[in-house]
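Trainee: please find the sequence and the predicted model below.
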Amino acid sequence: LSSIRSWKQWYQRRVRGTFLCNFYYLFTLFCLFLCFNLSCFTYLRIANSNINSTHHPHDHTTTIFSMMKPNNTLLIPLLVCLSGLVCITKSSIPTPIPTPIQVQWTDFEIGAMISWGMETSASNVSDTGFCGFQTGNNGSWFAPIETYDPEFLDTDQWIQNAVAFGAQYAVFTAKHCSGFALWPTNPKSFNYTYSVAYSPSKMGQIDVVKSFIKSCQKYGVRPGIYYGVNNNFYLNIKDFAVVNTSYVAGQQNVSMQLYANIVLEQLTELWTNYGELTEIWFDGGETIPVMDNYINKYQPKAIVFQGPQQYPNLIRWVGSELGQAPYPCWSTIDSGEDKWGSGQDNGTLFMPAETDCTIRSNDRWFWEDDYYQVGLKNSTELYENYELSVGRNTNFLLNLSPDPYGMVEAEDSLIYKELGSMINKCYSTPISSTRGTNYTILLDLGVATELNRIVIQEDQNFGQRVREYSTFGRVSSNSDWVLITNGTSIGHKRIERLDVDDVGHASPDKWMDGYSGYWNFMGIGIPGYSGVFIRYLELVVSDAIDVPNILNLAVYNCNPVPN
């Protein structure tokens, strides 16, 4: 078995052509056919000779063992046949195939998470935490509805900021942990008075979800809705359970069954009154058994973050809110696995990951009263978050935190614009690119050129196939190939950053001056330049579960400095 696998890898590494790989499998099948016939022929000859032997006709045990002794050559074709069958069975294990909606979602690459609501208003007037649970339910402060008064609410400005850094979709917190509904909710099972419909101020009565959807349509951004199932301070629910302590003035007492009914009725409102949604966001997942039926009925084309496993268009959380995906990060997970983390290379479910990140440090999602004292990330940091999320096979979801008046802060807007400019400046136009379906893809740049980014993309309509790869470069057709990078997961997109110490670079010897020194020593670098100087780039896939379908192999020369 190991020999057959070695032959397969030999063909993949050195020949890599689809014709010879297919020839290998046809040849294996032909050998199996010959082995089967030889086995049958040998068996019949031995059986015939034993029938004419002197063994007692009813001594079956003796006859069976004696059949195995005369010719040990029977063992060889049987073992080869078994090995071949195991090898072919392994190679034909089905690859998890994404839905077209999942593939489309990965193409979006960048999204915006807009965190805003009563949580914002309450944090401006109270230090007990925007959900009330931070200091315990007994004695906590419940924000009265008068607290919410967005005097300058401007959802157009929100989406303009999202567009500035390249967001293709935006997710809005229609109801977060406070329980305050940013649309005029009216569930039949409960008199829900904690919503914009009951706000005493004129601006407070605006249906913010409706306004958000209209702004998305105006600027060509696909809308999504965040709805927190597991926490609702208004209804005294924490971690999808009733908090068994005394109630704060303004809170309501409900049973878990009633709460589940309220959730389903509110989600029905959100999923039927505002058009088609691109993404549905369940923070921390959800545990209501019939949820998948509701999604399939009302929003069957939506991507669902941490949704019910029965639903086909799922995505998962990457596992942290630092804006960096682990490497390798796979598009698949094992069935029954938690819907977060780096995934599994041989997972049984296709469920790509989303990497979320805040513009403020300390994981600050909502504007709070000390907002200006919390560190604001600069555009260079966020640019790196982009490369370490999108460039590691995940989508990048960047937060916007409008203030209590309903506006994104001016200094935040400046950072968003700088970030979008940096991404466009680097990745809008490649130096050169190509594509192909093979184990080896060659990119000829025409002339030797400086570059410090290599972008590789698989066509995941056929699943994530590549398991291991390397890139090689050389200055001319007469020079030697030099290893530049190596890695495992590609998926939707892999960005190899040559000017920084990133996962996937070829390992230089310690006595050389880092990667640049290594490439200079090997003849594909330029002193003082962090990158390579090559004419030819070769992508070599050394391990894949099927013939690699490379959608894009491109190179860039980036100088990620804000304008």
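Mentor: Arrived safely. Numbering: from 1, shown residues only.

Trainee: ok, now which ones touch residue 222?
Mentor: 108, 168, 169, 170, 216, 278, 279 (C-beta atoms under 8 Å, 6 or more residues apart in numbering). No exception for glycine: its C-beta is placed from N, CA and C like everyone else's.

Trainee: filter those residues down to the ones in helices?
Mentor: 108, 216 (DSSP state H).

Trainee: mind listing which of the contacts of residue 222 are in strands?
Mentor: Among the contacts of residue 222, the residues falling in strands (DSSP state E) are 169, 170, 279.

Trainee: take the contacts of residue 222 and lay them out in a markdown table including distance to residue 562.
Mentor: Converted to a markdown table, the contacts of residue 222 look like this (distance: C-beta to C-beta, whole Å):
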| residue | distance to residue 562 |
| --- | --- |
| 108 | 24 |
| 168 | 22 |
| 169 | 24 |
| 170 | 23 |
| 216 | 27 |
| 278 | 29 |
| 279 | 29 |
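
Trainee: which one of the contacts of residue 222 is nearest to residue 121?
Mentor: Relative to residue 121, the closest of these is residue 170; by C-beta to C-beta it sits at 20.8 Å.

Trainee: for the closest one, grab the count of nearby residues.
Mentor: By other C-beta atoms under 10 Å, 28 other residues sit near residue 170.

Trainee: hmm, back to that, any chance of the ones in strands among the contacts of residue 222 in a markdown table, plus pLDDT and distance to residue 502?
Mentor: Formatted as a markdown table, the ones in strands among the contacts of residue 222 follow (pLDDT from 0 to 100; distance: C-beta to C-beta, whole Å):
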| residue | pLDDT | distance to residue 502 |
| --- | --- | --- |
| 169 | 98 | 27 |
| 170 | 98 | 29 |
| 279 | 98 | 29 |
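
Trainee: just flag the most distant two among the contacts of residue 222.
Mentor: 108 and 216 (13.0 Å).

Trainee: where in this structure is pLDDT low?
Mentor: Low-confidence segments of the chain (pLDDT under 70): 1-93, 124-140, 246, 336-337, 372-373, 501, 503-514.

Trainee: for the one residue sitting closest to the centre of it, list each beta-bridge partner.
Mentor: Residue closest to the mean C-alpha point of the chain, counted by C-alpha atoms, centre = their mean, is residue 353 at 2.0 Å. Assessed by DSSP bridges, residue 353 has beta-bridge partners residue 316, residue 394.

Trainee: same check on residue 303?
Mentor: Here residue 303, judged by DSSP bridges, has bridge partners residue 279.

Trainee: list the contacts of the closest residue to residue 313 other than its chain neighbours.
Mentor: Nearest residue to residue 313 in three dimensions, chain neighbours excluded: residue 101, at 4.6 Å (C-beta to C-beta, 6 or more residues apart in numbering). Residue 101 sits next to 301, 302, 303, 313 when contact means C-beta under 8 Å, 6+ apart.

Trainee: what's the burial count for the third one?
Mentor: Residue 303 sits with 29 neighbouring residues when counted by other C-beta under 10 Å.

Trainee: and the first one, by the same measure?
Mentor: Neighbours of residue 301 under the rule other C-beta under 10 Å: 12.

Trainee: ok so residue 381 is a strand residue?
Mentor: No: counting by DSSP: H, G, I helix; E, B strand; the rest coil, residue 381 is not part of a strand but helix.

Trainee: rewinding a little: the residue nearest to the centre of the chain reaches residue 339, doesn't it?
Mentor: No: assessed by C-beta atoms under 8 Å, residue 353 is found out of contact with residue 339, at 9.5 Å.

Trainee: from residue 419, how far off is residue 369?
Mentor: According to C-beta to C-beta, to the nearest Å, residue 369 stands 26 Å off from residue 419.

Trainee: tell me which of the two has more neighbours.
Mentor: Neighbour comparison, residue 369 and residue 419: the larger count goes to residue 419, with 27 against 14 (by other C-beta under 10 Å).

Trainee: which SSE is the more buried one in?
Mentor: helix 410-427 (DSSP states H and E).

Trainee: quick one, helices of the chain?
Mentor: Going by DSSP H, the chain shows helices at 2-10, 18-51, 60-68, 75-91, 100-108, 118-123, 155-164, 208-219, 256-272, 291-298, 379-387, 410-427, 514-521.

Trainee: give me the contacts around the shortest one.
Mentor: For helix 118-123, contacts defined as C-beta under 8 Å, 6+ apart pick out 129-131, 141, 143, 147-150, 173, 176-180, 366-369, 401-404.

Trainee: report the buried members of the residues you listed.
Mentor: 129-131, 141, 143, 147-150, 173, 176-180, 366-368, 401-404 (16 or more other C-beta atoms under 10 Å).

Trainee: quick one: which of the residues you listed sit in strands?
Mentor: Those of the buried ones among the contacts of helix 118-123 lying in strands (DSSP E): residue 173.

Trainee: for residue 550, which residues make a bridge with it?
Mentor: Here residue 550, judged by DSSP bridges, has bridge partners residue 436, residue 458.

Trainee: quick one: it and residue 539 touch, right?
Mentor: Yes: using C-beta under 8 Å, residue 550 is in contact with residue 539, at 6.8 Å.

Trainee: anything in contact with each of the two?
Mentor: In contact with both residue 550 and residue 539: 441, 456, using C-beta under 8 Å, 6+ apart.

Trainee: thought residue 207 was touching residue 196?
Mentor: Yes: if you go by C-beta under 8 Å, residue 207 and residue 196 touch, sitting 6.4 Å apart.

Trainee: so these two - more neighbours on which side?
Mentor: Applying other C-beta under 10 Å to residue 207 and residue 196 shows that residue 196 carries more neighbours, namely 25 against 17.

Trainee: how about the contacts made by the more buried one?
Mentor: Residue 196 sits next to 148, 181, 182, 183, 184, 204, 205, 206, 207, 208 when contact means C-beta under 8 Å, 6+ apart.

Trainee: let's have these in JSON lines, adding distance to residue 449.
Mentor: As requested, those are exported to JSON lines (distance: C-beta to C-beta, whole Å):
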{"residue": "148", "distance to residue 449": "56"}
{"residue": "181", "distance to residue 449": "56"}
{"residue": "182", "distance to residue 449": "51"}
{"residue": "183", "distance to residue 449": "53"}
{"residue": "184", "distance to residue 449": "59"}
{"residue": "204", "distance to residue 449": "58"}
{"residue": "205", "distance to residue 449": "59"}
{"residue": "206", "distance to residue 449": "54"}
{"residue": "207", "distance to residue 449": "54"}
{"residue": "208", "distance to residue 449": "50"}
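
Trainee: what subset of those residues is buried?
Mentor: 148, 181, 182, 183, 184, 204, 206, 207, 208.

Trainee: mind putting those into JSON lines with distance to residue 525?
Mentor: Formatted as JSON lines, the buried ones among the contacts of residue 196 follow (distance: C-beta to C-beta, whole Å):
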{"residue": "148", "distance to residue 525": "59"}
{"residue": "181", "distance to residue 525": "59"}
{"residue": "182", "distance to residue 525": "54"}
{"residue": "183", "distance to residue 525": "57"}
{"residue": "184", "distance to residue 525": "63"}
{"residue": "204", "distance to residue 525": "61"}
{"residue": "206", "distance to residue 525": "58"}
{"residue": "207", "distance to residue 525": "59"}
{"residue": "208", "distance to residue 525": "54"}
